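Colleague: Sequence first, then the predicted structure, then my questions.
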Protein chains: 2
Amino acid sequence: MTNGRNRQLRFRRCITEGEPVSMELFELGEEDIPTPGPGQFLVKTEALGTSPAQRAYLMGSASRFHPPLDPGEIMRGRGVGRITLSNHPDYAVGEAVCCSTGWQDYSVHQGDETGMVKTVQKIADPQDPLYLHLGTLGASAFAAYFGLLDIGQPRAGETVVVSAAGGGVGSIVAQIARIKGCRVIGIAGGSDKCAWVRDFIGADAAIDYKSEDLDARLGALCPDGIDIYFDNVGGETLNMALKHIALRGRAVICGLISTEYLDPPPPGPSNYFNLIYKRARMQGLVVWDYVDQFPEAEAELAAWYRAGDLKPTEYVLQGLTSAPDALQALFSGANRGITVVDMTGE
Amino acid sequence: MTNGRNRQLRFRRCITEGEPVSMELFELGEEDIPTPGPGQFLVKTEALGTSPAQRAYLMGSASRFHPPLDPGEIMRGRGVGRITLSNHPDYAVGEAVCCSTGWQDYSVHQGDETGMVKTVQKIADPQDPLYLHLGTLGASAFAAYFGLLDIGQPRAGETVVVSAAGGGVGSIVAQIARIKGCRVIGIAGGSDKCAWVRDFIGADAAIDYKSEDLDARLGALCPDGIDIYFDNVGGETLNMALKHIALRGRAVICGLISTEYLDPPPPGPSNYFNLIYKRARMQGLVVWDYVDQFPEAEAELAAWYRAGDLKPTEYVLQGLTSAPDALQALFSGANRGITVVDMTGE
């Protein structure tokens, strides 16, 4: 129950190096529910997503696509919700949308918001629970979908290796690769997470980078090399994958969570020269380039989901004030799949 | 005059670190001209090419595609020549070929030799001098041709940056990019070589990496970023080019002469993460993958050459015993364009 008030988590102070994200950094306040002006509409948040970029805001840094956030501002982030009031002819009460809700119960939108992560996306075929559209059927899944299919161009029988296979993007990449008939090897941290990658996600094998020799295991599991490496972490994992890249292999560079916020940046992968020897390709991905094709990705992912081929991988925390823990789970490794915050119970 | 003898340069001892390539390392001997057996033919060498891989042999190392060479063996290398005796129905006396002649006057071939660099290529339309087929119309030029056109996919008006623009591959890349209507910026070492890149090769600008700040100059010359970066050197030059890569830019990785023979390999380009931000692509090239298309490349390059659009860039040394100096010129920076050894005068 929100009692007709709009609860908000405001960013209070910058995080210090190595400090976990926690409620310490935020102040829970509440205001009146805002009233949409002409051409605007009101969205009631049902769930919040999480993104590594949010930690950059907490460091007082810009993300790839957004300016820094000042202390006192409402924490930035995307969520899903339903329209509860509307003065916009194209956005009707009851419609489900994914948009930049911020960490709060209610937000006002224009409909014509521009800029990559501000875009209001209508959810054409809303699933229950709606948070699936932040996860298995949401932007992380679209990154997996377009990165693997458009950049990676998988063929049945090929060997696909994905890092952070226990994470939001990786757990979907592994499943799409399986659906496409590829042999799938997931890299994840810890034996529990590796078991999840094998048993729940359905990877053919998993490598525990924390306890196993990644080089040796990649060599043993990929004697003919890695046809597609889907990178979510950068660093030495990427370097080892390039060492084992196959002839005409493709490395899809989606994220670099292991090194993204280090300054100065660490060295790049010394094995990049293998791109020559193996006539291989390394290519970056920004999912927002595909925004016009999101509906087709959503439709295909939803079909796989309904058929039981694509298992939902949401890691769900409950309630607005769990949002800091949800974000921290991306970095602590506590998450399985895509971490979301469900707000429908409060 | 060879007086009916076959002069040969045999590799005598391994080169020490930092030692220049010189005749010190070789022994000039001579033998009888070999007699081709059944199915074989004899090639009289008219010119020798040079390749960075040859320095690896002198270090006792394998190259990318060849095993090491033992002291006492004839120095390995490709050349062009004419068939002077033949017991092979498909190879007629008088035909011009490019093949693995080694550093000698005469060599015997099978015609069905396999393996990348062993292939005997017939020269369909021999130009005079024949050494053009080791240079402006030869394998280095084919690397430039397929790397720029097939991997780089240039469009008129785009900005192309090429490293080692004064070298064998780079000087052809710069010219093809100019022919295709691109804006061309060459990176080379020394003001003389930069002047040659601008005035002879026709680049729009040249950057002297020895005396100028590469980062600042790339920023000033490429305010909208680098659409295609053609890399022949690796190392910090590649790293800076990735820093300035344009949205949807392409980095063609052809060589890494600055770091190829370092063990352990130096760090990779830390700016590789820009591949994500710019949705850019980095892709390796091995020219021998295109061997079936060499005739079409040769025909188009020859047409540009005859029209005066593609200027010949051979740096010619005279005589078999100048071959060590020719090879050293690749590393000392003495060369302009493609270094070849002309043996028609002896």
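Modeller: Yes, it's here.
Colleague: Please name the residues that touch the closest residue to residue A:8 other than its chain neighbours.
Modeller: Once flanking residues are discounted, residue A:8 sits nearest to residue A:104: 4.1 Å by Cβ to Cβ, 6 or more residues apart in numbering or on different chains. C-beta: built from backbone N, CA, C; applies to glycine. Counting by Cβ atoms under 8 Å, 6 or more residues apart in numbering or on different chains, residue A:104 makes contact with A:6-9, A:45, A:74, A:320.
Colleague: for residue A:154, same thing?
Modeller: Per Cβ under 8 Å, 6+ apart, neighbours of residue A:154: A:148, A:160, A:177, A:180, A:182, A:227-228.
Colleague: before we move on, back to that, give me the pLDDT for the residue nearest to residue A:8.
Modeller: Residue A:104 carries a pLDDT value of 97.
Colleague: okay, now residue A:190: neighbour count?
Modeller: 14 (other Cβ atoms under 10 Å in any protein chain shown).
Colleague: Tell me the helix or strand right after the host helix or strand of residue A:84.
Modeller: Residue A:84 is part of strand A:79-86, with elements assigned from DSSP states H and E. Where DSSP H and E defines the elements, the next helix or strand beyond strand A:79-86 is strand A:96-99.
Colleague: ok, back up a step: just want to check the distance between the residue nearest to residue A:8 and residue A:34.
Modeller: According to Cβ to Cβ, to the nearest Å, residue A:104 and residue A:34 sit 10 Å apart.
Colleague: Derive a PyMOL selection command for the buried subset of the contacts of residue A:104.
Modeller: Burial among the contacts of residue A:104 is assessed by 16 or more other Cβ atoms under 10 Å in any protein chain shown; the matching PyMOL selection reads:
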select buried, chain A and resi 6+7+8+9+45+74+320
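Colleague: Mind checking which of the contacts of residue A:104 are in strands?
Modeller: A:6-9, A:45 (DSSP state E).
Colleague: Same list (these) but as a markdown table, adding distance to residue A:205 and pLDDT.
Modeller: Formatted as a markdown table, the ones in strands among the contacts of residue A:104 follow (distance: Cβ to Cβ, whole Å; pLDDT from 0 to 100):
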| residue | distance to residue A:205 | pLDDT |
| --- | --- | --- |
| A:6 | 48 | 97 |
| A:7 | 45 | 97 |
| A:8 | 45 | 97 |
| A:9 | 40 | 97 |
| A:45 | 39 | 98 |
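Colleague: quick one: which of these is nearest residue B:69?
Modeller: Distance to residue B:69 across the ones in strands among the contacts of residue A:104 (Cβ to Cβ) is lowest for residue A:9, with 67.9 Å.
Colleague: picking up where we left off before, intersection of neighbour lists for residue A:104 and residue A:34?
Modeller: Shared contacts of residue A:104 and residue A:34 (Cβ under 8 Å, 6+ apart): residue A:6.
Colleague: residues making contact with stretch A:129-140?
Modeller: A:46-49, A:78-82, A:96, A:98, A:123, A:126-127, A:141, A:168-169, A:172, A:287, A:298, A:301-302, A:305, A:310-314, A:316, A:337-338, A:340, A:342, A:344.
Colleague: how far does that stretch stretch from start to finish?
Modeller: 17 Å (Cα to Cα, to the nearest Å).
Colleague: Now that stretch: average pLDDT?
Modeller: Mean pLDDT, stretch A:129-140: 94.
Colleague: Find the centremost residue of chain A, please.
Modeller: residue A:140 (3.8 Å; Cα atoms, centre = their mean).
Colleague: which SS class is that one?
Modeller: helix (DSSP: H, G, I helix; E, B strand; the rest coil).
Colleague: Equivalent analysis for residue A:295, please.
Modeller: Secondary structure state of residue A:295, per three-state DSSP, is helix.
Colleague: contacting residues for it?
Modeller: So residue A:295 contacts residue A:124 (Cβ under 8 Å, 6+ apart).
Colleague: swap the cut-off to 10 Å and go again
Modeller: Contact analysis of residue A:295 by Cβ atoms under 10 Å, 6 or more residues apart in numbering or on different chains lists A:121-125.
Colleague: Distance of it relative to residue A:153?
Modeller: For residue A:295, the distance to residue A:153 - Cβ to Cβ - is 22 Å.
Colleague: Tell me the confidence at the residue nearest to residue A:4 when sequence neighbours are not counted?
Modeller: Nearest residue to residue A:4 in three dimensions, chain neighbours excluded: residue A:33, at 6.3 Å (Cβ to Cβ, 6+ apart). With respect to pLDDT, residue A:33 scores 96.
Colleague: Verify the contact between residue A:33 and residue A:43 for me.
Modeller: No - using Cβ atoms under 10 Å as the test, residue A:33 is too far from residue A:43 to be in contact (11.0 Å).
Colleague: Give me the more crowded residue out of those two.
Modeller: Remark: of residue A:33 and residue A:43, residue A:43 carries more neighbours, 28 against 18, as counted by other Cβ under 10 Å.
Colleague: how about that one, phi and psi?
Modeller: phi -110, psi 130 (degrees, to the nearest 10).
Colleague: show me the contacts for it.
Modeller: Residue A:43 neighbours (Cβ under 10 Å, 6+ apart): A:36, A:79-86, A:91, A:95-101, A:105-109, A:120.
Colleague: Give the closest residue to it in space, chain neighbours not counted.
Modeller: Residue A:43 sits nearest to residue A:81 (Cβ to Cβ, 6+ apart), 4.3 Å away.
Colleague: so the one you found bridges to which residues?
Modeller: Residue A:81 has the following beta-bridge partners by DSSP bridges: residue A:45, residue A:97.
Colleague: what's the burial count for it?
Modeller: 26.
Colleague: how much space between it and residue A:46?
Modeller: Counting by Cβ to Cβ - residue A:81 and residue A:46 are separated by 5 Å.
Colleague: One more: residue A:266?
Modeller: 39 Å.
Colleague: The two: which has the busier surroundings?
Modeller: Remark: of residue A:266 and residue A:46, residue A:46 carries more neighbours, 22 against 15, as counted by other Cβ under 10 Å.
Colleague: give me every residue that touches the more buried one.
Modeller: Contact analysis of residue A:46 by Cβ under 10 Å, 6+ apart lists A:79-82, A:96, A:101, A:105, A:126, A:129-131, A:133-134, A:341-344.
Colleague: which of those count as buried?
Modeller: Among the contacts of residue A:46, those classed as buried by 16+ other Cβ under 10 Å are A:79-82, A:96, A:101, A:105, A:126, A:129-131, A:133-134, A:341-343.
Colleague: Which two among those residues are spaced furthest apart?
Modeller: The most widely separated members of these, counting by Cβ to Cβ, are A:105 and A:126 (19.0 Å).
Colleague: Name the nearest residue to the residue nearest to the centre of chain A, sequence neighbours excluded.
Modeller: Closest to residue A:140 by Cβ to Cβ, 6+ apart is residue A:168, at 4.1 Å.
Colleague: So that neighbour sits against residue A:141, correct?
Modeller: Yes - under the criterion of Cβ under 10 Å, residue A:168 makes contact with residue A:141 at 8.2 Å.
Colleague: Quick check: neighbours shared by those two?
Modeller: What both residue A:168 and residue A:141 touch, as defined by Cβ under 10 Å, 6+ apart, is the set A:134-135, A:313, A:338.
Colleague: For residue A:54, give its distance to chain B.
Modeller: 17 Å (Cβ to the nearest Cβ, to the nearest Å).
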